[in-house]
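K.L.:
heads up, no residue letters with this:
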C-alpha cells in the first residue's frame, strides 16, 4: 500500500507541474488586461507604470518563475478588479460550489446505483427497460434547458422551491454552509437535481452494465452453489466488483461537477466559483483565472489520487501489481 501511495504521489506532482506550464501559457495568450483596465485617455507613462506594477513588462520565463513561486506559497497575486488576493476570493466561493457538487453526486449515487442494480439483475422487465430508456433521455437533455424547465415548473408554476440564490447560511468553523438549514436545502435542491441528472444516468448505466457482466461469472455461480443467500451474493460478491469501475467514474465525475458547474450556477444564480470565473474571463482578471484553474487542477489530481487508493482497496490485483514492480 505504501508503494502504491508513493507512486501515485509522484505521478500527481509531475501532472501538477505540467499543468502549471499549460495554465500559465494559456492564460498569458488571452488578450491584454491593460487594454481593459486602463482608460483610453491615459498617456503612455501611465500605461507603462501599470504594466510594471502588474509585472507584465518582465520576460515570459521570469513571469512563469514568479507564478510558480506564488503557486507554491498559495499567492496568485491581487485581483485586477476586486483589488484583493485572488486565492482568497476563490476560497470564499469554494464552499458554495463544493456543497452543490457533493449534493448532486450524492443524489446521483443514491439514485443511480440501486436503479442500475435492479436494471442489471432483471434486464428483461418493463421497469428495467424504462430505466434504461430514461437514462438515455438524461444523457441527451441540455443542462441549461433542464434548469430553465425546473425553474418554470417547480418555482413559477407550482411555487414549491425558490428559483435561485443560495438562501440563508449557517457558519461552521468559519465557513458559510447553506445545507444546514431547511431553507438552504430548498435553495440547493433544484440546482443539485439539474447537475445530478446526467451523472445519475451515467452511474445507472455503468452499474447495470457491470452487474450484467459479473452475474454469469464463475465465482458468482460458485457462491450460489455454496448456498449463500441472494442478498449476500449480490451485495458481497456482485456489487463489490461492480463498484470498482463505478468508483473510478464517480471520482472523475465529481471533479467535473466542481469544475464545470458554470451553467447551473449561472442559471440558478448560485454564488459559486463558476459564476466568478465567467465574470473574471469577461474582464481578463488573470490572477483570479489562474487561481481558479490551479485550484481545479489540484482538486482533480487529489480526487484521482483518492480514487486510485480506493481502487487499490477494492481490487487487490492493483496492490499486487505495484508490489511486483518493486521486486
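P.N.:
Arrived safely. What you are looking at is a predicted structure, and each value in this text was computed from that prediction instead of being measured.
K.L.:
from now on I want contacts and neighbour counts done on CA atoms only, so please keep to that.
P.N.:
Noted.
K.L.:
wait, residue 281 sits on residue 289?
P.N.:
Yes - applying CA atoms under 8 Å, one finds residue 281 in contact with residue 289, separated by 7.0 Å.
K.L.:
neighbour count: the two, which is higher?
P.N.:
residue 289 (24 against 14; other CA atoms under 10 Å).
K.L.:
give me the helices and strands touching the host helix or strand of that one, please.
P.N.:
Here residue 289 is covered by helix 286-314, with elements defined by DSSP states H and E. Contacts of helix 286-314 with other secondary structure elements, assessed using 3 or more CA pairs under 8 Å, 6 or more residues apart in numbering; DSSP states H and E, are made with helix 2-28, helix 86-121, helix 239-259, helix 273-282, helix 316-326.
K.L.:
now do the buried residues in the fourth one.
P.N.:
This means helix 273-282. For helix 273-282, the neighbour count (16 or more other CA atoms under 10 Å) marks 273-277, 280 as buried.
K.L.:
again with stretch 214-224
P.N.:
Neighbour counts over stretch 214-224 (16+ other CA under 10 Å) mark 214-215, 220, 223 as buried.
K.L.:
stretch 244-259 too?
P.N.:
By 16+ other CA under 10 Å, the buried positions in stretch 244-259 come out as 244, 246-255, 257-259.
K.L.:
run through who's touching it.
P.N.:
Stretch 244-259 is touched from outside by 97-98, 101-102, 105, 195, 199, 203, 206-207, 274, 296, 299-300, 303-304, 307-308, 310-311, 314-315, with contacts defined as CA atoms under 8 Å, 6 or more residues apart in numbering.
K.L.:
of those residues, keep whichever come out buried.
P.N.:
The neighbour-count criterion (16+ other CA under 10 Å) marks 97-98, 101-102, 105, 195, 199, 203, 206-207, 274, 296, 300, 303-304, 307-308, 311, 314 among these as buried.
K.L.:
which segments of the protein make up each domain?
P.N.:
Residue ranges of the domains in the chain are recorded as 31-73, 86-315, according to automatic domain parsing.
K.L.:
out of those domains, deepest packed?
P.N.:
Highest mean neighbour count among the domains of the chain (mean count of other CA atoms under 10 Å): domain 86-315, with a mean of 18.
K.L.:
alright, calling it a day.
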